[in-house]
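Trainee: Prediction below, plus the sequence it came from.
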Amino acid sequence: MSSEHLSKQFDADLETLRSGVLQMGGLVESQIRGAIEAFTNGNADLIEQIVAAEVRVNECEVQIDDDCSHIIVKRQPAAGDLRLIMAISKTVTDLERIGDEAEKIARMSKQIHDRGHTDLHRFANIRHAADIALSMLRQALDAFARLDTAQAASIIRQDMAIDTEFRLILRQLITFMMEDPRTISTALEIVWIAKAVERIGDHAKNIAEDVIYIVKGTDVRHTTVEVVEREALG
């Protein structure tokens, strides 16, 4: 078999991996949107769909990881190609965990609505934080598709906005519980939902960091936003 043919087949294998990540990302995006909608309206059918989708997300993770392993063994990639495969393996782990958080939001929402005495309009901040997290994920997947380090850096800065929203929600919930101790159970479930949203933002940030690693070969985890931006834009 000619080296040119092998090279084309390797490129095709890598493209299949990238496409699989983006398909999995689309599934997870749908989960998040559904989970937040379920929090708002308590739609039981929607909650069941979100929980069921988690099985498909898990299957995607296993399949893509298996494909990564086979390519490493078969092709023995080096340099940028190896970084891409390693980053894909980490990215699908983050996507799977985002799916877990979406499922958690759906389950907590079911418990809240089954209890049936909470005015959730008081917690519009959660919807706002979720919109930021979903936007971050969408941008992270776009940055991954285009290997855009500038966009990846901007996503990492956005994570601070979700952290701020999370602190605001916690303060609001403390006031909520002090006003009416009977709402403590529901308030604690809302804390879990808010924390899940915050974790979705963290995972989107991780994917953005992986993009920078693929392109620049630099691990920017646990560094400041300024260092990330300097590395991404340099």
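Mentor: Here it is on my side, so go on.
Trainee: low-scoring stretches of the protein, by residue?
Mentor: Along the chain, segments meeting pLDDT under 70 span 1-6, 117-122.
Trainee: so where's the longest helix in it?
Mentor: Secondary structure of the chain read by DSSP state H shows that its longest helix is helix 3-41.
Trainee: Against which helices or strands is the helix or strand just after it packed?
Mentor: Next along the chain after helix 3-41, taking DSSP states H and E as the criterion, comes helix 44-75. If you count contacts as 3 or more Cβ pairs under 8 Å, 6 or more residues apart in numbering; DSSP states H and E, helix 44-75 packs onto helix 3-41, helix 79-115. For glycine as for every other residue, the C-beta is placed from the backbone atoms N, C-alpha and C.
Trainee: who does the one helix or strand G201 maps to touch, helix- and strand-wise?
Mentor: Per DSSP H and E, G201 falls inside helix 184-216. Judged by 3+ Cβ pairs under 8 Å, 6+ apart, helix 184-216 is in contact with helix 79-115, helix 124-146, helix 149-179, helix 225-233.
Trainee: got the angle between the third one and helix 225-233?
Mentor: With axes from the mean of the first three to the mean of the last three Cα atoms, to 10 degrees as the basis, helix 149-179 and helix 225-233 are set at 150 degrees to each other.
Trainee: Kindly report the same for the first one.
Mentor: Inter-element angle recorded for helix 79-115 and helix 225-233: 130 degrees (by the same axes, to 10 degrees).
Trainee: Could you give me the buried positions within helix 79-115?
Mentor: Across helix 79-115, burial judged by 16 or more other Cβ atoms under 10 Å covers 81, 83-89, 91-110, 112-113.
Trainee: And the third one, by the same measure?
Mentor: Of the residues in helix 149-179, those buried under the neighbour-count criterion (16+ other Cβ under 10 Å) are 149, 151-156, 158-159, 161-162, 165-166, 169, 172-173, 176-177.
Trainee: Run the chain-centre distance for stretch 10-17.
Mentor: Relative to its chain's centre, stretch 10-17 lies at 23 Å (Cα atoms, centre = their mean, to the nearest Å).
Trainee: How about stretch 50-59?
Mentor: That offset, for stretch 50-59, works out to 14 Å (Cα atoms, centre = their mean).
Trainee: Now do the end-to-end distance for stretch 115-131.
Mentor: Using Cα to Cα, to the nearest Å, the end-to-end distance of stretch 115-131 comes to 26 Å.
Trainee: can you tell me which residues contact Q49?
Mentor: G34 (Cβ atoms under 8 Å, 6 or more residues apart in numbering).
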